[in-house]
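Pasted the sequence and its predicted model underneath.
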Amino acid sequence: MTADIHFSPLALTRALPFLPLAQGDIDYQVDRRGEPDLINTLLADPAAKVVLTRGGLVAVPRGQGDLVDYENVKMRLATLPGAYVGEELRRYPEAVAMFLGSYGGVRGECVIAVDISRVPDAGEGAVPGAQPNGVLGVQDAGTVDGAMGLANANGNAAGKRAGESGGAAESAAPFGVPDSAGQGADDAFDDSVSIPASHAAPKPTLLQQAVTRFDWVDLRGFAPHANAREAGQATSAVTLSIWHSRQRFCPTCGAPVMPALAGWAQRCSNQADGNRILFPRVEPAVITAVVDGQDRLLLQHNAAWKDPNLYSVSAGFVEAGENLEHACRREAREETGIQLGEVRYLGSQPWPFPASLMMAFKAHAITTDVHVDGSETVTARWVTRDEYTAELIAGRMVAPGRATIARYMIEEWLGREL
């Protein structure tokens, strides 16, 4: 059936004014990344701020991990003194330091992130060639939507205190990198890992103590509660740390890689192959709010989502050689059978689960008969603003999480905050 068009539903469309993972205002100081011994020089500066990542999570002060499920609470990143961290980096070459940038000004504050995913646990030495157990945040159903519903199905999915659900020893387990085949952009973090019982051990070092002294939360739990600057810092830190954890060998020749350019690149160790420089992979994905001529919104439920009441908008990866608008039209047609006409850009934000850049659009449907594919999308329906509000109140629908771009796209259509 052809849609009954009364007016252009995109006429009043505006760019999204706020996105939680797109708030960074730091000066990357790209020109400094090649300076010799830059990290150690910066760590010696009293104005240096050091934040930690581990298995795709960020460190926050102890006790704040319990706040992720509450509204109107504030969270901040845990920090360590730069001078002490410099000594720890010499002790643990497997830790990865990343210079996030500087804010200039009178203080000249610079920010360094250190990923400690591969630092051995307290009382354990590094085992050459050992394969760690698995990096948090990389298990997924293989679509751009991935397991978006996991965080909605489990209120504590976004953050756990060190030692919760099995004690400090469980929380302190090492993280490794599974194969990335079949993994997507909306991975949900699995912070449940195990470790054999340990024997008497020497006093933990500073980075080892950090595992249990701080709480560890994922970006989806942290960003909605953080100030703009720290949300930006956490986004960059998590993005880079997951990439370093996942890519430990050159994709061209298979030789081991080492961090380069202050953590923003890697250098292949194969001299015969030119010691090539490798940069982080970014996977473009489109996400589309589809509206019809009556200004109804198309909402759909993905088979990968554990919460049966979670409904969101169309999303998918951009294919090789494909432009963004074509990707929007293709995904909507494949998932719901809807044909799209005009497409307008709304905004973008990084989505490092593990490496996506989500680009948001609003599109006008020129047909309205819904035919879901039954495999990726199991149900889809048109809703008016009143119908959507009633479904939320009744609990028959659940909105996407506060860190997702989908939530703000729905709010733009709805005309108010969720």
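Looks like it came in fine.

From one end of stretch 239-253 to the other, what's the distance?
Terminal residues of stretch 239-253 are spaced 24 Å apart (CA to CA, to the nearest Å).

Flag every buried residue along stretch 393-400.
Going by neighbour count (16 or more other CB atoms under 10 Å), the buried part of stretch 393-400 is 397, 398, 399, 400. The C-beta positions use only the backbone N, C-alpha and C, and glycine is treated the same way.

Let me have these in CSV, extended by secondary structure.
Putting the buried residues of stretch 393-400 into CSV (DSSP: H, G, I helix; E, B strand; the rest coil) gives the following:
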residue, secondary structure
397, coil
398, strand
399, coil
400, coil
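
And those, which is closest to residue 348?
Among the buried residues of stretch 393-400, residue 400 lies closest to residue 348 (CB to CB), at 16.1 Å.

Quick check on that closest one: phi, psi?
Backbone torsions for residue 400, taken as degrees, to the nearest 10, come to phi -60, psi 160.

hang on, it packs against residue 315?
No: using CB atoms under 8 Å, residue 400 makes no contact with residue 315, being 10.2 Å away.

Next, show the common contact partners of the two.
Common neighbours of residue 400 and residue 315, using CB atoms under 8 Å, 6 or more residues apart in numbering, are residue 406.

Next, the closest residue to residue 273 other than its chain neighbours: secondary structure please.
Of all residues not flanking residue 273 in the chain, residue 253 sits nearest, at 4.9 Å (CB to CB, 6 or more residues apart in numbering). When classified by three-state DSSP, residue 253 comes out as coil.

For residue 253, grab the count of nearby residues.
13 (other CB atoms under 10 Å).

For it, report the pLDDT, please.
Note on residue 253: pLDDT of 94.

Would you confirm that residue 257 belongs to a helix?
No: counting by three-state DSSP, residue 257 is not part of a helix but strand.

now it: how far from residue 56?
19 Å (CB to CB, to the nearest Å).

quick one: which of the two has more around it?
Using other CB under 10 Å as the criterion, residue 257 and residue 56 rank with residue 56 on top: 28 against 21.

So that one is in contact with residue 240, correct?
No: Residue 56 is beyond contact range of residue 240, at 11.1 Å (criterion: CB under 8 Å).

any idea where the strands of the stretch 151-300 of the chain begin and end?
Along the stretch 151-300 of the chain, counting by DSSP state E, counting those that start in this stretch, strands occupy 159-160, 214-217, 257-260, 265-268, 277-278, 283-291, 297-302.

for this protein, what's the longest helix?
In terms of residue count, the longest helix belonging to the chain (DSSP state H) is helix 228-246.

Show me where the stretch 151-300 of the chain dips below the pLDDT cut-off.
Within the stretch 151-300 of the chain, the segments meeting pLDDT under 70 span 151-201.

try 90
Low-confidence segments of the stretch 151-300 of the chain, defined by pLDDT under 90, are located at 151-204.

And the buried residues of stretch 393-400, which is closest to residue 269?
residue 400 (41.7 Å).

Just give the nearest non-adjacent residue to the closest one, would you?
residue 406 (4.1 Å).

swap in residue 298?
residue 290 (4.1 Å).

Quick check: the gap between the one you found and residue 392.
19 Å.

higher neighbour count, the two?
residue 290 (28 against 16).

Which strand residues bridge the more buried one?
residue 363 (DSSP bridges).

Thought residue 341 was touching it, still the case?
No: counting by CB under 8 Å, residue 290 sits too far from residue 341 to count as a contact (10.3 Å).

anything in contact with each of the two?
With CB under 8 Å, 6+ apart as the test, residue 290 and residue 341 both reach 363, 364, 365.

in the strand ranked longest in the chain, what's buried?
Counting by DSSP state E, the longest strand found in the chain is strand 340-351. Using 16+ other CB under 10 Å as the test for burial, strand 340-351 gives 340, 343, 344, 346, 347, 348, 349, 350, 351.

Quick check, pLDDT for the second one.
Spelled out, that is residue 343. 95.

correct me, but it touches residue 328?
Yes: contact between residue 343 and residue 328 holds when scored by CB under 8 Å: they sit 5.2 Å apart.

Give the intersection of the neighbour lists for the two.
288, 361, 363.

how near is the last one to residue 348?
Right, residue 363. Where residue 348 is concerned, residue 363 sits at a distance of 16 Å (CB to CB).
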